[in-house]
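Asks: structure of the sequence below:
(3 chains)
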Amino acid sequence: MGRGEAGLTAEASATHAAAPAPRRRRRLKLATPALLGLPLGWLVVFLVVPAVIVALYSVNELSLFPGPHSFALGGWYRLFHAGYLQLFWKSTEMSLIVSALVVGAAYPLAYFLALSGTRRKYVLLLLLIAPFLTSYLLRVLAWKVILGDTGVINTFLVWTGLQAKGHALSFLLYSRFAVMLVLGYVWLPFVALPIFVTLESLDQRLLEAASDLYASRMQAFLRVTLPLSLPGVVAAFLFVFIPTVGEFVTPSLVGGTGGYMYGNQIVDLFETGFPDWETGAALALFLIGVIAVLTVVFVRFLRVGEARTA
Amino acid sequence: MDVALSANGRRTMRVFFALVIVFLYAPIVILVIFSFNKASVPTFPLSGFTLHWYHEFLKNGDMQAALQTSAIVATISSIIAVALGVLASIGLSRSRFRGKGLVTTLVLVPLVVPLIVLGISLLLLFHVLGVQPSILTIMVGHVVISLPYTVLILMPRLQQIDSSLAEAAYDLGAGPLTTFRRVTLPLILPAVISALLVAFTTSFDEYAVASFLAGPQPTFPIFLYSALRFPSQLPQVIAVAVVVITLTISVIVAAEVWRRRVEARLETA
Amino acid sequence: MDVEGEPFDRRLSRADMLRLAALAAGAGVVAGPAAAADAAIARLTKESGRLQVMDWAGYGNDGGQAMFAAYVQKYPHNKPQFASPMTNETNAYGRIRAGAQPDVFRPYVGWVKFFAQSGLVQPWNPKLISNFDHLNPFMVKAGQYGGKQYGIPDDWGFDAILYRSDKVHPKANSWGLLFDERYKGKIAWFDDLEMITIAGLYLKAKNPWNQTQTELNRSVNFLKSKKHVARMNWSSETDLWQAFGSGEIWIAYAWPNDWVQMKKKKLPVVYMHPKEKPIAWVGMFMLLKNSPRPHLAHAYVDAWSSKRSGKWLEDNYGYGHANIEAKPSSSQLLKALQLANPKAVTLPNAYLDRDIRQRSTYANLWEEVKRA
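Replies: Next comes the predicted model:
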């Protein structure tokens, strides 16, 4: 005891005091923003730069054809004056209808899965989503077989006598109807997911409270569930609206002459007839511009909605 | 008393759900039926049972090459997408910095870009750079498409696990990489696997972007589309599709079940 | 690497001669003298690697192998490698401009002038193609530009109308059937600016391939007014065959092969020869300017141009072949498709498809019709 001990204790406390200090100095943040460098870099090179290039093609600063070329607004002029906007509106209208119908159909499904208390809800959800994971092109082909003049539906109608032979329902295939039906079919499973997620996280006690306060189920739904699930609904709507506005595969397979859509027009400008990359680029930029605006508006709406219900 | 659904409501919903399931699976059943059909163009009436197309597909080198190409593209692009997604998710979930909202938006933007615009913009990029379309260019496109999905799957999981675990490991002297490898990664592994599967299936079935960026080796969807254009291959293609569909669904179901089990176990641990 | 008149004139050094002899001897043991010489020359001029071919669907390893089987036999080390199929000439042009480097590709006769002028292709050396002299002279001429042979013709056929004889009464013989109100909803047009040309042909424009502004306005307005009778614009033959086979379509713009296929399904169909005359098309092989394998390319096209390949094409795809000695097995086919008529593709029998000077205008107008 004496100096020895004191020395020891002093030493011990000295190490204790010394140890944390160097570590604190060296300490890096575990989750530094620098981690984002690689993913951001990828997106800048393969998303932002290409967008800029599309813009340059749309104003003829870059061109498919060799030889001199300079800034020109021909592509944009044609976009606004050669009937492309009517086609855009037609496509948007179709997408809006499809999206509304699909969300309308998906909501009850998600509601049933999330709130009815079935024990097998995840299995059923998976069952619902599984078709979405199968080959898109072949499901479209299968619909051609179902909707055709001698397809499943028409032959069934003839067999049951509801329809005279030779008077097939021809609006079923190669029409706007076919495009909307198939697009709705393709996206329905996917759309149920965000609604399900939102409804699942709904606090059931709120509904119980509403019931305690003598609200009917319908009232509880309208005033509690629906408003709270709105973000999921909006997300679902965007999930289907955005891809379908620019769709070109389904319209080309089942659209016929009436189902020609904006996406097909863009492909045609690049790939058929005679290449017109300038106008095609303008159309593509216009599409992404409109979608960007819509997305921002919806997201704002969501934030406001959240703030209000919070 | 059920506060969300009445007894009638529940019955109606069940019927509606069943109808929707029939609606969703009918075309798939049609495909299965036609994969055994004798005729070479799928029209009613049926012309007889045969396993011929399944045999043909096993001999069809081009189709197998396309399947192989799709598998390669899907595997590599999903690995890259998940790697980038992990980095992005960790970066976004744990730190605060200016412009975080902007970065989050950028990472999620591919979700709102129509595939046709994505395909064309990348086509133009490669055109300008003089890069020939090949499986590499398709991979690039698929990573861009899958990245938001991986982030959307990984972020919630990262936010869910207790960050103090990683902090503790770090305080005990583990470097950032070791911390990641031995603490974070095992905890997010189920989500990583999910993300890999989502990215893989997205890439495997993707047609629109691949159609713009494909070189001499077609992916399976591109092969499918040209089979739809040139009919001699169509019946075999349908047979393959049935096989692929069955496999996909089985894998996804198995993976989901596994993921939930593992996560539940990790919770109780 | 320019091909015209070249390697045979090249002076061979002594070492080259020895090498050539050795190769010829070795190759000769395996494949015979002619093949040996070819192979030796190819090796000598250092063409290596697989021949890069950009062709249409069905003409590669996805069904067309018989057409170039002879080439594969001779050059097993330079087997053709097929890029993804060309969906149309615009697509091919875009890809080549973006840097794709096929050695050969196959646009159709209406594009010969466009590609010849584009600086992307080089003329062929007919002397290197043994079957050249057997090729139909009208078609050969159609492949020339500026006196040089830019395109080697191989397959040919018509654009005409296919219709169900049991549904269309009375028998029709005019392009007008595509616009006939009586069959509204049962008609399929072709998804291509050629519809503008056909409208012009039907409306008696002076030169349907180069219509005046007035004629173009008339054609476009006509098509827009008749659009409702057309149920679909087909671009892939599968679509057409499926629609025809299931009875959705009774009348369609079609090629001879489509008639062959519908007959195989036992449908009562007629391939019409319109009184305004059908349009004839010819597929033209073209050689890329900087191809590192020009000799192999010539050999490939030579295999394609043989009598045997021609017969296979006619028997299996129902298209004519430019080799006038190629005859199909079926005399019915021969008669129906006029395969024995060497002047089948020109007047007075048909209008040979040709360059469209205002192609971009035609393209815009067709898209306008589709948007309407």
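
Asks: which residue is the nearest non-sequential neighbour of residue 137?
Replies: You didn't say which chain, so I picked chain A. Counting by CB to CB, 6 or more residues apart in numbering or on different chains, A:L137 lies nearest to B:L224, which is 4.8 Å off, once chain neighbours are set aside. Heads up, the C-betas are built off the backbone N, CA and C, glycines and all.

Asks: should've been chain C
Replies: Of all residues not flanking C:P137 in the chain, C:P342 sits nearest, at 7.8 Å (CB to CB, 6+ apart).

Asks: quick one: contacts for that neighbour?
Replies: C:136-138, C:324 (CB atoms under 8 Å, 6 or more residues apart in numbering or on different chains).

Asks: and these, which two are furthest apart?
Replies: Comparing all pairs in those by CB to CB, the longest separation belongs to C:F138 and C:I324, at 10.2 Å.

Asks: where does A:I288 sit, in terms of helix or strand?
Replies: Here A:I288, judged by DSSP states H and E, is contained in helix A:277-309.

Asks: give the buried residues for that helix.
Replies: With burial defined by 16 or more other CB atoms under 10 Å in any protein chain shown, the residues of helix A:277-309 counted as buried are A:277-288, A:291, A:294-295, A:298, A:302.

Asks: stretch C:327-345 too?
Replies: Buried, per 16+ other CB under 10 Å, within stretch C:327-345: C:327-328, C:333-334, C:336-339, C:344-345.

Asks: SS state for the spatially most central residue of chain C?
Replies: The centroid of chain C falls nearest to C:G283 when counting by CA atoms, centre = their mean (2.1 Å). Following DSSP: H, G, I helix; E, B strand; the rest coil, the label given to C:G283 is strand.

Asks: what pairs with it across the strands?
Replies: Counting by DSSP bridges, C:G283 is bridged to C:Y108.

Asks: report the contact partners of it.
Replies: C:G283 neighbours (CB under 8 Å, 6+ apart): C:56, C:106-109, C:153-156.

Asks: before we move on, what about B:V103?
Replies: B:V103 makes contacts with A:36, A:40, B:91-92, as judged by CB under 8 Å, 6+ apart.

Asks: looking at this, it is in a helix?
Replies: Yes. When three-state DSSP is applied, B:V103 is found to be in a helix.

Asks: show me the shaky parts of chain C.
Replies: Applying pLDDT under 70 to chain C flags the ranges C:1-45.

Asks: picking that back up, which among the contacts of C:G283 end up buried?
Replies: Neighbour-count burial (16+ other CB under 10 Å) applied to these gives C:56, C:106-109, C:153-156.

Asks: which among those residues gets closest to B:R265?
Replies: Of these, the one sitting nearest to B:R265 (CB to CB) turns out to be C:W56, at 56.0 Å.

Asks: for the closest one, helix, strand, or coil?
Replies: Taking three-state DSSP as the rule, one finds C:W56 in the coil state.

Asks: pretty sure it is touching C:S84, no?
Replies: No. The criterion here is CB atoms under 8 Å, and C:W56 misses it with C:S84 at 11.0 Å.

Asks: measure the residue in the stretch 251-372 of chain C positioned nearest to chain B to B:G101 for me?
Replies: Residue nearest to chain B within the stretch 251-372 of chain C (CB to the nearest CB): C:K265, separated by 7.8 Å. Distance of C:K265 to B:G101, given as CB to CB, to the nearest Å: 60 Å.

Asks: and those two? which has more neighbours close in?
Replies: For C:K265 and B:G101, the more surrounded residue by other CB atoms under 10 Å in any protein chain shown is C:K265, and the numbers stand at 14 against 8.

Asks: chain C contacts on the stretch 201-310 of chain A?
Replies: Contact residues, the stretch 201-310 of chain A versus chain C (CB under 8 Å from any CB of the partner chain): A:252-253, A:256-257, A:260, A:264-265, A:268-277.

Asks: out of those, which sit inside helices?
Replies: A:252-253, A:264-265, A:268-271, A:277 (DSSP state H).

Asks: point out where the stretch 1-150 of chain A drops to low pLDDT.
Replies: Using pLDDT under 70, the flagged stretches of the stretch 1-150 of chain A are A:1-33, A:117-118.

Asks: enumerate the residues of the stretch 251-372 of chain C near chain B.
Replies: Counting by CB under 8 Å from any CB, the residues of the stretch 251-372 of chain C close to chain B are C:K265.

Asks: for the stretch 251-372 of chain C, what spans make up the helices?
Replies: Secondary structure of the stretch 251-372 of chain C (DSSP state H, counting those that start in this stretch): helices located at C:256-264, C:294-304, C:307-317, C:331-336, C:359-371.

Asks: highest average neighbour count across the ones you listed?
Replies: Stretch with highest mean neighbour count among the helices of the stretch 251-372 of chain C: helix C:294-304 (a mean of 25; mean count of other CB atoms under 10 Å in any protein chain shown).

Asks: which neighbouring elements make contact with that helix?
Replies: helix C:33-44, helix C:69-74, strand C:104-105, strand C:152-164, strand C:279-288 (3 or more CB pairs under 8 Å, 6 or more residues apart in numbering or on different chains; DSSP states H and E).

Asks: at 6 Å what do you get?
Replies: Of the remaining helices and strands, those touching helix C:294-304 by 3 or more CB pairs under 6 Å, 6 or more residues apart in numbering or on different chains; DSSP states H and E are helix C:69-74.

Asks: buried ones in the helix it packs on?
Replies: C:70-71, C:74.

Asks: same thing with stretch C:273-291?
Replies: By 16+ other CB under 10 Å, the buried positions in stretch C:273-291 come out as C:274, C:276-288, C:291.

Asks: and for stretch B:202-220, what's in contact with it?
Replies: A:135-136, B:66-67, B:69-70, B:73-74, B:77, B:115, B:118-119, B:122-123, B:133-135, B:137-138, B:141-142, B:146, B:221-222, C:83-84 (CB atoms under 6 Å, 6 or more residues apart in numbering or on different chains).

Asks: buried ones among these?
Replies: Buried subset of the contacts of stretch B:202-220 (neighbour count, 16+ other CB under 10 Å): A:135-136, B:66-67, B:69-70, B:73-74, B:77, B:115, B:118-119, B:122-123, B:133, B:135, B:137-138, B:141-142, B:146, B:221-222, C:83-84.

Asks: perfect, I'm done here.
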